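Trainee: just coords:
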Ligand SMILES: Nc1ncnc2c1ncn2[C@@H]1O[C@H](COP(=O)(O)OP(=O)(O)OP(=O)(O)O)[C@@H](O)[C@H]1O
């Protein structure tokens, strides 16, 4: 590992105990990848290949069976406020207002008093585009607004690494593109403390539009089978570059599935 790496996944494998068939099932084998500050990494691959399992281990929610995951030079052994996650289905608390959903992760904070928590929530509400919806409950919001709350809640703890589990897939295309481009703008402007992002997605063109590096997973147990490094900076990518690269990766997927 070099000092410049924020997250380092080293020879990670994961096995689950199979309750019904009473046996051990390997889900991931020998995964190696590194995330540097400033990078947006996407992980793509067929359903069931172990993408969410890998992301959960990065979040410290689950532990590798073998291998290690280091964050800022220290092994991840439990969840930490330095790493937070946005979920596909928003994972909001239906009984809490927008304001309280966002404040949730801060309530036990030793670093902030109540006044500072309220200020942080107000800042995020303005930044993420939720003004006027502070007192609304999740059932009153559109999918796009619910996911804005999901992002605001994840960002409230000022994470250094943001993990995204198919964050735009439950939204219509236009809403998803608007939200992802707002997120990229905030990140590029330096409005967030965040140093890097890791996203899993089924949407190849979304991965091409947003990422610096795309890892492709395949197989059972899942392994990393290919890495695409996208040289052109995200903000300079043209629609035709995005289309060409999306087609190239789509072709690779078709060949991979024919084998
Ligand atoms: N806690 C668990 N216990 C047992 N098996 C599990 C557990 N979590 C995941 N699995 C199994 O691991 C495999 C990989 O699941 P995972 O959700 O990581 O795949 P995925 O690539 O994210 O799929 P999708 O794209 O459909 O979300 C699946 O077969 C799943 O059933």
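Mentor: Sure thing, it's come through. From a predicted model like this one, the values you see are computed outputs, not experimental measurements. Numbers count the residues shown, from 1 in each chain.
Trainee: Surely residue 155 is in contact with residue 164?
Mentor: No - applying Cβ atoms under 8 Å as the test, residue 155 and residue 164 come out as separate, 11.7 Å apart. Where you see a C-beta, it was placed from the backbone N, CA and C, and this is true even at glycine.
Trainee: so residue 162 bridges to which residues?
Mentor: Each beta-bridge partner of residue 162 is listed here: residue 84, residue 197, as defined by DSSP bridges.
Trainee: Please spell out which residues along stretch 166-183 are buried.
Mentor: When neighbours are counted by 16 or more other Cβ atoms under 10 Å, the buried residues of stretch 166-183 are found to be 166-168, 170-171, 175-176, 178-180, 183.
Trainee: out of those residues, who's nearest residue 142?
Mentor: If you rank the buried residues of stretch 166-183 by distance to residue 142 using Cβ to Cβ, residue 175 comes first, at 7.6 Å.
Trainee: ok, for the closest one, nearest residue in space, not its chain neighbours?
Mentor: In space, residue 175 comes closest to residue 144 once its chain neighbours are excluded; the distance is 3.8 Å by Cβ to Cβ, 6 or more residues apart in numbering.
Trainee: What is whatever helix or strand that neighbour lives in packed up against?
Mentor: Taking DSSP states H and E as the criterion, residue 144 maps to helix 143-155. Using 3 or more Cβ pairs under 8 Å, 6 or more residues apart in numbering; DSSP states H and E as the contact criterion, the elements in contact with helix 143-155 are strand 83-86, helix 98-103, helix 114-128, helix 173-189.
Trainee: Columns distance to residue 199 on top of the ones you listed, output as CSV?
Mentor: Written out in CSV, the entries for the helices and strands packed on helix 143-155 read as follows (distance: least, Cβ to Cβ, whole Å):
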stretch, distance to residue 199
strand 83-86, 9
helix 98-103, 21
helix 114-128, 17
helix 173-189, 9
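Trainee: May I see these organised as JSON lines, with distance to the ligand and mean pLDDT added?
Mentor: Conversion of the helices and strands packed on helix 143-155 to JSON lines gives the following (distance: least, Cβ to the nearest ligand atom, whole Å; pLDDT from 0 to 100):
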{"stretch": "strand 83-86", "distance to the ligand": "13", "mean pLDDT": "94"}
{"stretch": "helix 98-103", "distance to the ligand": "24", "mean pLDDT": "93"}
{"stretch": "helix 114-128", "distance to the ligand": "25", "mean pLDDT": "86"}
{"stretch": "helix 173-189", "distance to the ligand": "17", "mean pLDDT": "87"}
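Trainee: Who are the contact partners of residue 36?
Mentor: Contact partners of residue 36, counting by Cβ atoms under 8 Å, 6 or more residues apart in numbering, are 4-6, 196.
Trainee: I'd like these laid out as a markdown table, including pLDDT, neighbour count and secondary structure.
Mentor: Supplementary listing: the contacts of residue 36 in a markdown table, determined by pLDDT from 0 to 100; neighbours: other Cβ atoms under 10 Å; DSSP: H, G, I helix; E, B strand; the rest coil:
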| residue | pLDDT | neighbour count | secondary structure |
| --- | --- | --- | --- |
| 4 | 80 | 9 | coil |
| 5 | 88 | 18 | coil |
| 6 | 94 | 21 | coil |
| 196 | 95 | 21 | strand |
